[in-house]
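In: Fold the following.
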Amino acid sequence: MITVRKSRDRGHAEHGWLDSFHTFSFADYYDPAHMGFRALRVINEDRVEGGQGFGKHSHRDMEIISYVLEGGLEHKDSMGTGAVIRPGDVQRMTAGTGVTHSELNASQREPVHFLQIWLMPDQRGIAPSYEQKTFPRDDKAGRLRLVASPDGAGGSVTIHTDARLYAGLFDAGQTAELPLAAGRHAWVHIVRGKATIAGHELATGDAVALTEERTVRIKGIDASELLVFDLA
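Out: Residues are numbered from 1 along each chain as shown. I've put the predicted structure just below:
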């Protein structure tokens, strides 16, 4: 079964300093038909003005991935971690028993554009932890690069849930396939550009869920970037 989620149907919040689109129910946006997909709970596309951001706040029992598209996102947390996340980086924070952090635009002038992704962990109450790695553009050009997995395979960041996250960059005509094992599901999010996924033409912000399918088939229409989640 293939289900398309169009960008225009996402939740939207405009707070002046923050422009945010919600693929799934989040904050004041509630849609019982879109509460998440398998372990995938949140995909928020955020644009934050220079000098602004999310001050100190707390999370627990969640795997949080930040994926920056433009600009820099400054992260600080109660574990003592301080880092700036830039395009090409993948940051993973395991909230576990509880962590407090802030996410601020690293620039006082230029906006930052990023995706924040939440995945439900396999276990509650694990120790909080942090990890950040850079995946060069060449690693993702015309292919799917594993960037997050339960076992850190291929140098990916380690997440504490049965999911694998791939990132890919595709020019017009470039193709890739990702086999899905029996009982697995996939969610494909178009970060930018246009691509055909399982025969459906999708554009920036669109997504598609695949259930009881054995292969994710991708073909670039124009310069595109996408994320593929392989989920239990």
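
In: Backbone dihedrals for residue 135, please?
Out: Taking degrees, to the nearest 10, you get phi -120, psi 100 for the backbone angles of residue 135.

In: ok, now residue 154?
Out: The phi/psi pair for residue 154 (degrees, to the nearest 10) reads phi 60, psi 20.

In: how near is it to residue 143?
Out: Using C-beta to C-beta, to the nearest Å, residue 154 is found at 12 Å from residue 143. The way it works is simple: take the backbone N, C-alpha and C, and place the C-beta from them, glycine included.

In: Show me which of those two is the more surrounded one.
Out: residue 143 (16 against 10; other C-beta atoms under 10 Å).

In: Just the pLDDT for residue 169.
Out: At residue 169, the model reports a pLDDT of 98.

In: Near it, how many other residues are there?
Out: Neighbour count for residue 169, taken as other C-beta under 10 Å: 22.

In: Contacts only, for it.
Out: By C-beta atoms under 8 Å, 6 or more residues apart in numbering, the residues touching residue 169 are 137, 140-142, 223-225.

In: Residue 213 against residue 180, yeah?
Out: Yes: here residue 213 lies in contact with residue 180, judged by C-beta atoms under 8 Å, at a distance of 6.3 Å.

In: Residue 143: what's it in contact with?
Out: When contacts are counted by C-beta under 8 Å, 6+ apart, residue 143 touches 168, 176.

In: What strand or helix carries the residue nearest the centre of the chain?
Out: The chain has residue 117 as the residue nearest its centroid, 4.3 Å off, counting by C-alpha atoms, centre = their mean. Using DSSP states H and E, residue 117 maps to strand 112-119.

In: Check residue 103 too.
Out: Per DSSP H and E, residue 103 falls inside strand 99-105.

In: For that strand, list the C-alpha coordinates in PDB.
Out: What follows is strand 99-105, C-alpha atoms only, in PDB (Å, rounded to 0.1, in the frame of the first residue of the first chain):
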ATOM      1  CA  VAL A  99      17.700  16.000  29.100                       C
ATOM      2  CA  THR A 100      17.500  19.700  28.900                       C
ATOM      3  CA  HIS A 101      18.800  21.500  25.800                       C
ATOM      4  CA  SER A 102      18.600  24.600  23.700                       C
ATOM      5  CA  GLU A 103      18.700  25.000  19.900                       C
ATOM      6  CA  LEU A 104      19.600  28.500  18.700                       C
ATOM      7  CA  ASN A 105      20.400  30.000  15.300                       C
END
